[in-house]
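Participant: Build the 3D model from these lines:
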Amino acid sequence: MPFMAYNEAMPSNTTMRKIAEIAAEQWGLITRRQAEQAGIPERTLARLTAPGATLARVAHGVYLVAGSPPPDHVELRAAWLQLAPEVPVWSRTAEQGVVSHRSAAAIFGLGHLPADRQEFTLPRRRQVRRTDVTVHVRKLDRSDWIGIGGLPVTRPSRIASDLLWENEDDEAVARIVVDALRDIQDYPHNFVQALAPHASRLGFRQGGGDQVLLWLADIGGDPAISGWIKGELARQESQDGPAPSPMRVVH
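Facilitator: Numbering: from 1, shown residues only. As a prediction, the model looks like this:
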């Protein structure tokens, strides 16, 4: 009987194949919930997740398959998987969370803000146990994010807008804007649209996303980028008609 119990707890080839199939599409990672849904018995999971065994713990309920190289931003990826541990990567939508704010800037390699927290945007409030994870509540349009390395990540224009809502340092946001435009990771018209809601409170005309963009570009200290933006905005104006002249209220 002890021999039979031991065999029941040992992982079979079928078990390992199930784990490999899931993890192969998730950067070598698998959640406990996914393994359970695949029909892997609890006793087998206990053996697989023991110290030095096949599955190395990355975060609570998230494991890296032995032999798999740790993916980049592994802590961020693990935290994202934790938001909906039962849903595989290939079935996820923005409903399960989008990487945003400082974490998104880190994925793009923009600016110099430390990404010391894992930040995500979800359409509704969600309680999380981890103290290093922040969930922002906002319904994102599909145009607000793109896929990068299998992760949904807010675009640089959305990042800049989100950070302004969080009262992030103007110079830090400006650096993100300039870096994104210099590397063509986003475009002026996207920034104009995303920054428009901030115009009035920053002292510009209502809806003046173009003015906010020019202001941030000037703060960013790259004359070449500022000149290029002005040219792009002038070209757009010639197509759409003149906009009100720039005006910022000085307090």
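
Participant: From Ala84, how far off is the spatially closest residue to Leu140 that is not a sequence neighbour?
Facilitator: Sequence neighbours aside, Ala94 is the residue nearest to Leu140 in space, at 5.5 Å (criterion: C-beta to C-beta, 6 or more residues apart in numbering). C-beta here means a position set from N, CA and C on the backbone, and glycine is covered the same way. Between Ala94 and Ala84 the computed distance is 11 Å (C-beta to C-beta, to the nearest Å).

Participant: in the chain, what spans have low per-residue confidence?
Facilitator: Under the criterion pLDDT under 70, the flagged ranges of the chain are 1-12, 240-251.

Participant: Closest to the centroid, which residue in it?
Facilitator: The residue lying closest to the centre of the chain (C-alpha atoms, centre = their mean) is Val99, at 1.8 Å.

Participant: Next, find the distance separating that one from Pro51.
Facilitator: For Val99 relative to Pro51 (C-beta to C-beta), the value is 30 Å.

Participant: Identify the residues contacting the residue nearest to Leu140.
Facilitator: Contacts for Ala94 (C-beta atoms under 8 Å, 6 or more residues apart in numbering) come out as 123, 140, 142, 145, 152.

Participant: Closest to Pro188 out of those residues?
Facilitator: Trp145 (18.7 Å; C-beta to C-beta).

Participant: what about the strands in the protein?
Facilitator: Remark: strands assigned in the chain by DSSP state E are 29-31, 55-59, 62-65, 98-99, 118-122, 133-137, 145-148, 151-154.

Participant: for those strands, which one sits closest to Leu110?
Facilitator: Shortest distance between Leu110 and these, using C-beta to C-beta, is found for strand 151-154: 11.0 Å.

Participant: Return the list of helices and strands in contact with the closest one.
Facilitator: If you count contacts as 3 or more C-beta pairs under 8 Å, 6 or more residues apart in numbering; DSSP states H and E, strand 151-154 packs onto helix 74-83, strand 98-99, helix 101-108, strand 145-148.

Participant: Convert the C-alpha atoms of that strand to CSV, please.
Facilitator: Taking Å, rounded to 0.1, in the frame of the first residue of the first chain, the C-alpha atoms of strand 151-154 are listed here in CSV:
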residue,chain,number,x,y,z
LEU,A,151,1.9,41.1,-22.1
PRO,A,152,-0.8,43.8,-22.7
VAL,A,153,0.9,47.1,-22.1
THR,A,154,-0.5,50.6,-22.2
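
Participant: Run through who's touching it.
Facilitator: By C-beta under 8 Å, 6+ apart, strand 151-154 touches 73, 76-77, 80, 92, 94, 97-101, 104, 107-108, 121, 140, 144-147, 162.

Participant: and if you look at stretch 169-182?
Facilitator: Applying C-beta under 8 Å, 6+ apart, the external contacts of stretch 169-182 come out as 105, 108-113, 156-157, 159-160, 163-164, 185-188, 191, 213, 216-217, 219-222, 225, 228-229.
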